[in-house]
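> Provided below are the primary sequence and the corresponding predicted coordinates.
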Amino acid sequence: MSLSAPETGSASPRPDRSEALRLYGEMLRIRRFEEELYRLVSGGKIGGTTHLYMGQEAIAVGVSKHLHVEDQVVSTHRGHGHLLAKGARADRAFAEIAGRRDGYCGGKGGSQHVAVPEIGHMGSNGITGGGMPIGAGLALARKFARDRGEPGRCVVAYVGDGAAGTGNFHEVMNLAAIWKLPYVVVLENNFYSMSTPIDRAASCGKFTEWAERYSGMAVDYVDGNDIYAVSAAIEPLLERARRGEGPAFLQADTYRHGGHSKSDPCIYRTKEEEAEWKARDPLVVLQKSADLDDSDLQPVVDEVEKEIESAVEFALASPPGDLDLALSDLTVPAAPREPAPQKIAEGTETTMTEAIRETLRGELERDDDVVFLGEDIGLYGGAFGLSRGLHDEFGPERVRETPISENGFTGLGVGAASGGLRPVVELMFGDFITCCTDALVNHAAKLQYMYAGQVKVPFTLRMPVGRRKGYGATHSQSLESMYLSVPGLRVMCPSNVPDAVGMLRGAIRTDAPVLFLEPKLLYPARGPMPAPDHVVDLGVARVDREGADLTLITYGLCVNLCQEAAGLLEARGHSVEILDLRSLSPFDRDACVKSVVKTGRAICVEEGSTNGGVGDLVIGGILPEVFGYLRAPILKVGAEHCPIPSSPELEELMMPSTRKIVQAALPLLTEY
């Protein structure tokens, strides 16, 4: 892929003189914003990092020229130009980057993570390629809206050339093409993935060669420094997407004037190359092609200078936030308790598999915004049969089978949630959560906070977890502890049929991202179907058994083990309390403290490894409150810190068991 600047000239139509001056002003506004930002950052007036858009202004302005307010965009770490072109105020944008209270996100998002949903800017993204699944999810929400009779709207995802090397790029392009999403990807090719030239990062002549491989994807290529060419190329792609005819891809070649970030000296570029491209500066190209002289431009320059000067004053005068602001936008209201349609009568004995399936069915019927995504959830019914029949009842729009691209469709679900839907995503095995950690940790968990509550993420990720006798090291793991330290993620794990129903209803209805863990060995477990309005709130534990001498703090599959152990210990004269956490993050600290203060002894029991596990989180959280009441040290029982072997016999030896719980409990009860 050549790094040379394109030849001057374009066959695209030219607007009239007043339009040319308006477009020049829009581009100059971005240019001067970035120049002032660089001055403020370099001078220490604004901290942090920043990635400047200077040299690429024709793309953002050329695209935004054809966007409605209701059309949405997602942006990149180099996103100030996209933000301003979509209609953001310069003063509040400066204040946000400066970390001030009057910024669009109160200073929480900063340079790389700012959103203004009221103008259709749904967020910049500091993860390369990270915005692509979010944009596709927003496009799915727009598709649903269009199918319900609302005006056709589309989503534009800006990406850099570096994003084309990510899995997100290809996973999402494939999904967008399969589902004919109203989604337009604008790739700003500035020829360097940070410092690596694209001929060392991409095995194609143009990125359009990759995009053309996706059937139904409209593709075009343009000189990104010619605003008229950008404008002419993007307009039909946007209109096509709005009409519901499918996604599009536009490659726009351009050049950033500065380095990747403020600290980049650009030692990998030659002065000759930079001079060649700066001669093709978008402002210069427009001025020449529209035949504008300095006297024509001076009023535009004066107006922009006045705005930027005032914006800087506003931002620097804005106060910083306090601790209350720093800790805000983390909570969500409790899930509504309205009844769900329910074909299984209350009190009917049923399996956990049937109960979860009925809960999904009820929520799909109750709320048209609920959409179900996952691998093999169609006619096959899911790997463990939990979605059997749902595809026939609700159709392929509401029950959507996905390719095997976990990060792509999980991230898409996160974007769909931020766009107003309530996606429920199913992973075939909980182990595969490692494939979509970016979507969960960097996006689902953080969007509401970074964007100061302007975006909600009502997103549920369901997954079968834990052992299943012979499934081996990559299909038997309990990885929940990996996600307990992530602020913004909620983690739940039921142990019985009523809780599975109530907790799943609560997860789907709450305006927060929830990881819903389903122990495989509990799928055949039986219990009574609860009432149609039964909902279990996040963060509320349940006393499964009252006792006075010892507390077993546990969840999921291990509740059964603790029940058996409590029976054996009771036969020896010991009274054991079982506390079922249900919610692992947040966990019910008050309930744990109350129980341990009462009994003076405790063991945390979990299916996963105890090294940095759920028990460690609980013990660390309650120890300051219970220390003075303890009669014995708090212990942990769990799996050996070892990958799960395929041999069922070896697996059994290393997992927690009733015997191991009793062996741990007896010394606490007899020696202290």
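Ah, there it is.
> buried residues in the strand or helix carrying Leu37?
Using DSSP states H and E, the element containing Leu37 is helix 17-42. Under the neighbour-count criterion of 16 or more other Cβ atoms under 10 Å, helix 17-42 has 20-21, 23-34, 36-38, 40-41 buried. (Each C-beta comes from the backbone N, C-alpha and C, glycine too.)
> what distance do you get for Pro403 to Phe249?
18 Å (Cβ to Cβ, to the nearest Å).
> higher neighbour count, the two?
Using other Cβ atoms under 10 Å, the more surrounded residue of Pro403 and Phe249 is Phe249, with 26 against 12.
> what pairs with the more buried one across the strands?
Here Phe249 shows beta-bridge partners Val185, Val219, assigned using DSSP bridges.
> oh, and call the first residue 178 from now on, that's how I've got it
Renumbered: residue one is now 178, and that last one reads Phe426.
> give me the three-state assignment for Leu761.
Following DSSP: H, G, I helix; E, B strand; the rest coil, Leu761 is assigned to strand.
> low-confidence stretches in the stretch 178-327 of the chain?
In the predicted model, the stretch 178-327 of the chain carries pLDDT under 70 at residues 178-192.
> got the CA coordinates for stretch 622-635 in PDB?
Extracted in PDB, the C-alpha atoms of stretch 622-635 (Å, rounded to 0.1, in the frame of the first residue of the first chain):
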ATOM      1  CA  ALA A 622     -18.400  -2.400  32.500                       C
ATOM      2  CA  LYS A 623     -17.400   1.100  31.800                       C
ATOM      3  CA  LEU A 624     -19.800   2.800  29.300                       C
ATOM      4  CA  GLN A 625     -22.300   4.000  31.900                       C
ATOM      5  CA  TYR A 626     -19.500   5.400  34.100                       C
ATOM      6  CA  MET A 627     -17.200   6.900  31.500                       C
ATOM      7  CA  TYR A 628     -20.200   8.600  29.800                       C
ATOM      8  CA  ALA A 629     -21.600  10.000  33.100                       C
ATOM      9  CA  GLY A 630     -24.800   8.000  33.100                       C
ATOM     10  CA  GLN A 631     -25.800   9.200  29.600                       C
ATOM     11  CA  VAL A 632     -25.700   5.600  28.400                       C
ATOM     12  CA  LYS A 633     -27.200   2.500  30.100                       C
ATOM     13  CA  VAL A 634     -26.100  -1.100  29.400                       C
ATOM     14  CA  PRO A 635     -28.900  -3.500  30.200                       C
END
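> so who does Gly724 touch?
Each residue near Gly724 by Cβ atoms under 8 Å, 6 or more residues apart in numbering is listed here: Ala743, Ser752, Val753, Glu754, Ile755, Thr776.
> what's the neighbour count on the nearest residue to it once chain neighbours are set aside?
Residue nearest to Gly724 in three dimensions, not counting chain neighbours: Glu754, with 3.3 Å by Cβ to Cβ, 6 or more residues apart in numbering. Neighbour count of Glu754, defined by other Cβ under 10 Å: 23.
> partner strands of the helix or strand Glu754 falls within and their direction?
Here Glu754 sits within strand 753-757, counting by DSSP H and E. Strand 753-757 has the following sheet partners, assigned by DSSP bridges: strand 719-722 (antiparallel), strand 727-731 (parallel).
> which outside residues touch the longest one?
In this case it means strand 727-731. By Cβ under 8 Å, 6+ apart, strand 727-731 touches 738-739, 742-743, 746, 751-758, 769, 772-773, 775-776, 778-783, 792, 795, 838, 842, 845-846.
> would you show me how to pick out the buried ones of the residues you listed in PyMOL?
Selection of buried members from the contacts of strand 727-731 for PyMOL, criterion 16+ other Cβ under 10 Å:
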select buried, resi 738+739+742+743+746+751+753+754+755+756+757+758+769+772+773+776+778+779+780+781+782+783+792+795+838+842+845+846
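> so which of the contacts of strand 727-731 sit within strands?
In this view, the contacts of strand 727-731 that belong to strands under DSSP state E are Val753, Glu754, Ile755, Leu756, Asp757, Ala779, Ile780, Cys781, Val782, Glu783.
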